[in-house]
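> just a sequence and a predicted model for now, questions to come.
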Amino acid sequence: MLPVTVIAVGQLKERYFKDAADEYKKRLSGSCRITEIEIKEEKTPDNPSESQIAAALKKEAERILDAVPKKACIIPMCIEGKHMSSEEFASQIENAPLKGFSSVCFIIGSSHGLSDDVKRAATLKLSMSKMTFPHKLARVMLYEQIYRAGEIISGSKYHK
């Protein structure tokens with residue numbers, strides 16, 4: 001499988017999220033090179049205005065876009081993104097080299113989401129569900145789906 005980078009705004013501080021993410025990263029290490037980059041989340045007041053949120057997202061976007069590997073298939077996770085099955089997701093990863101990409105880069109924003117600048121840079125915008133999940137849980141879910149995609153691509157029985 002292609003090298004995978006996950007860029008996430010904020011840190012996994014809760015032990016249960018960190019342990020779960022680490023487990024999937026460990027499983028992935030046998031089939032692909034996985035890199036996690038945590039971007040500092042911009043501080044906002046307790047009840048931020050729309051302009052304060054936009055300013056924070058813009059600063060985060062600059063750091064996110066600077067961290068994206070060259071020639072990466074850029075896939076931000078956003079609510080307005082495409083919904084797909086695990087098999088379709090695996091196919092996107094498997095076929096990325098045919099589209100000229102040398103790696104896949106997933107991006108998870110903060111609780112305020114992602115800047116339009118990041119979304120405009122996307123090769124594919126992806127949504128996990130119409131439901132809203134905490135961005136820290138979304139990271140664990142993404143790692144599981146990346147692992148599942150690798151197993152689908154390799155023909156393993158993990159995916160049923």
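Thanks, I have the structure now.

> what are the ranges of the strands in the chain?
Under the criterion DSSP state E, the chain contains strands at 4-9, 34-39, 72-82, 103-108, 126.

> OK, contacts around the residue lying closest to residue 36 once chain neighbours are set aside?
Once flanking residues are discounted, residue 36 sits nearest to residue 6: 5.0 Å by C-beta to C-beta, 6 or more residues apart in numbering. Every residue, glycine included, has its C-beta placed from N, CA and C. Contact analysis of residue 6 by C-beta atoms under 8 Å, 6 or more residues apart in numbering lists 34-37, 105-108, 139, 142-143, 146.

> repeat for residue 59
Contacts of residue 59 (C-beta under 8 Å, 6+ apart): residue 42.

> any idea how far residue 65 is from it?
11 Å (C-beta to C-beta, to the nearest Å).

> per-residue pLDDT of the nearest residue to residue 93 once chain neighbours are set aside, please?
What sits nearest to residue 93 in space, not counting adjacent residues and going by C-beta to C-beta, 6+ apart, is residue 149, at 5.1 Å. In this model, residue 149 is scored at 95, pLDDT.

> quick check: buried residues in the longest helix seen in the chain?
Ordering each helix of the chain by length in residues (DSSP state H) puts helix 135-154 first. Buried residues in helix 135-154, counted by 16 or more other C-beta atoms under 10 Å: 135-136, 138-153.

> cool, and stretch 16-27?
For stretch 16-27, by 16+ other C-beta under 10 Å, it's 17, 20-21, 24-25, 27.

> same question, stretch 49-68
Buried residues in stretch 49-68, counted by 16+ other C-beta under 10 Å: 53, 56-57, 60-61, 64-65, 68.

> columns pLDDT and distance to residue 78 on top of these, output as CSV?
Shown next, in CSV, are these (pLDDT from 0 to 100; distance: C-beta to C-beta, whole Å):
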residue, pLDDT, distance to residue 78
53, 96, 15
56, 96, 16
57, 97, 12
60, 97, 13
61, 97, 12
64, 98, 12
65, 98, 15
68, 98, 15
